[in-house]
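S.K.: Sharing a sequence plus its predicted fold:
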Amino acid sequence: MTSGHILEARNLVKRFGDFEAVKGIDVAIDRGESFGFLGPNGAGKTSTMRMISAISQPTDGTIEIFGLDPRVDGPEIRRRLGVVPQEDSLELELSVKNNLLMYGRYFDLPRRVIRERTTELLEFTQLSERANDKVDNLSGGMKRRLTIARGLMNRPEILILDEPTTGLDPQARHLLWDRLYRLKREGVTLIITTHYMDEAEQLCDRLVVMDQGKIVAEGAPRALIERFSTREVVELRFATDDHEQYFNQFTKFADRVEVLPDRILLYVNDGDDALRDVHAAGIAPASALVRRSSLEDVFLHLTGRSLTD
Amino acid sequence: MARLPDTKVGNARWIRSWWAHELFFKQTWRGSVASSLLFPFLFLASLEIGVGHLITAHSGLVEGQTYLHFIAPSLLATTTMQLGEGESLWPVLASVKWTRGYHAAAATPLAPDDILYGKLAWVATRGFATSFVYTLVIACFGALQSWWCLTLPLIGTLVTIAFSAPLVAFAARSDTDASFTALYRFGLVPMFLFSATFYPLSAYPGYLRPIVQLIPLYHGVALTRAAAFGQGTLSNELAHVTFLLVMAALGIVWGRRTMRRRLTD
């Protein structure tokens, strides 16, 4: 109980029958940090989240949250956590306000406190005008924001968000990100899973990349990109169903070449230079794009697969 | 920052789950209450006008009672059984699978056991309130003849829980409601028909009686009749109560397993 981290997991394993969803991972998260689990669907992120939310018990390994053991102090830990699950799990027949009332009462908060916080949280999530509406009538983005408001009802020290913006339109995503920045500034520790690399880059101070139940890399988003990728990437598309045939042609232009079903990626220091060389060699792609390296490239490098497979 | 009350003090966690059901009920009760009040009146009136007259004309009294008086208490047993079913199957499946309300609750200080106990406490509350009203209705038809009738609301509550507990457990491990329809068709409806609800046990041939006595609802029907007419023997009634208590207890033990599995795996 002396780790000093707000959350620490060692050799965490989760098995469902024969299937091993999480295969022995270690994480340590500090207070006030914004920490991400990045990985494709099925990487074991949700299973990990449910364990560090003190909801499901690990099959093996240990977790300490606030220095407490979830097996012993589950209710006490959950009292201090806010959880935003992947599926909203709101009561659709109840009003917005009553959803928050119900949740607040689970924490045994006095009605007066719940009333005050409801006003505050609905303002924060821009839902004040919908307070008395049935949840069933809200848009997807509004439901998501209400789920976040609900997760904040108990003023949690850690807010755990599982795929917070999946299924939202860009505007709704940006509004949500803005609210999460504010929480971060207020000192709330954020733990986020996502399969969106831009979300991870935007929101996370530090993250782990997960693949098939294991952590394959850990660090700050920029540091991971510097370590596992080049500065820039050239994306080339050809009018063909088989980009594989071009592989050998490009090895001399780049540090590394990745062939995806629909395009070829050249990992280079200077994208414009590389593209000029390609053109000079008489190769004419149907389209070409120079961009900065992202976490997507890190993932591709580490696993040989793209995040959205 | 206002400190939260510690989990070890304050209101018991199962009560917080009961509150959630109460809140739900407060927002949605209007539709259900009128019909649940009207139903017993219509049911008893129709049986009295039709079947009751026929039976009285043909064979006189049934076990010393007019037909209306004979069946009125059993209506309390069948209604509380149906309440136990209705509150347990679809609502629980919805909470673990469709709206996932129980999963939301499991992310708070509530543990699966708290969610289960709060649910059953709420079903018991409804069972008691319904039984109380039905006792008054049965009294209106003049079918109460003993002070034991004061135990009818408790008997109704017991029947509700005896059915609710195992059905909650069953629903908590279900992924679709396909099995519920079969359960109704081949379990609950036959139980309603064959539990000596509409005629005395003595109407069955001797070799069938022990089988009827294995039907859970039979014990509720027998208890309500004994309480209404004051005609039972203590040992018999205790046996009926024990049967229903054991059923509830087994349901709770099973429910703890299925809820834990469903919510924390």
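M.R.: Yep, it's here.
S.K.: which stretch of helix or strand covers residue A:145?
M.R.: helix A:140-151 (DSSP states H and E).
S.K.: which of the residues in that helix are buried?
M.R.: By 16 or more other Cβ atoms under 10 Å in any protein chain shown, the buried positions in helix A:140-151 come out as A:141, A:142, A:143, A:144, A:145, A:146, A:147, A:148, A:149, A:150, A:151. Quick note: C-beta positions are derived from backbone N, CA and C, even for glycine.
S.K.: cool, and stretch A:252-270?
M.R.: A:253, A:254, A:256, A:257, A:258, A:263, A:264, A:265, A:266, A:267, A:268.
S.K.: can you tell me which of the buried residues of helix A:140-151 are up against chain B?
M.R.: residue A:150 (Cβ under 8 Å from any Cβ of the partner chain).
S.K.: Which of the buried residues of helix A:140-151 scores worst on pLDDT?
M.R.: Least confident entry in the buried residues of helix A:140-151, by pLDDT: residue A:141, with 90.
S.K.: low-scoring stretches of the chain, by residue?
M.R.: Chain wasn't specified; assuming chain A. Scanning chain A for pLDDT under 70 picks out the ranges A:1-3, A:307-309.
S.K.: wrong chain, I was asking about chain B
M.R.: Along chain B, segments meeting pLDDT under 70 span B:1-9.
S.K.: The longest helix along it near chain A anywhere?
M.R.: The longest helix of chain B (DSSP state H) is helix B:13-47. Yes - residues of helix B:13-47 contacting chain A under Cβ under 8 Å from any Cβ: B:13, B:16, B:17, B:19, B:20, B:23, B:24, B:27, B:28.
S.K.: quick one: strands adjacent to the helix or strand following the helix holding residue A:145?
M.R.: Reading on from helix A:140-151 to the C-terminus, the next helix or strand found by DSSP H and E is strand A:158-162. Here strand A:158-162 is paired, per DSSP bridges, with strand A:81-84 (parallel), strand A:189-194 (parallel).
S.K.: hey, C-alpha coordinates of the longest one in PDB?
M.R.: Once non-C-alpha atoms are left out, strand A:189-194 reads as follows in PDB (Å, rounded to 0.1, in the frame of the first residue of the first chain):
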ATOM      1  CA  THR A 189      -7.600  11.900 -13.000                       C
ATOM      2  CA  LEU A 190      -8.900  10.700 -16.300                       C
ATOM      3  CA  ILE A 191      -8.600   7.100 -17.600                       C
ATOM      4  CA  ILE A 192      -9.800   6.700 -21.200                       C
ATOM      5  CA  THR A 193     -10.000   3.800 -23.600                       C
ATOM      6  CA  THR A 194     -10.300   4.600 -27.300                       C
END
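S.K.: Contacts for it next, please.
M.R.: Residues outside strand A:189-194 that contact it (Cβ atoms under 8 Å, 6 or more residues apart in numbering or on different chains): A:6-7, A:29-39, A:45-46, A:48-49, A:52, A:157-166, A:180, A:183-184, A:199-200, A:203-204.
S.K.: Following the chain onward from that strand, which element is next?
M.R.: helix A:197-203.
S.K.: Alright, I will stop here.
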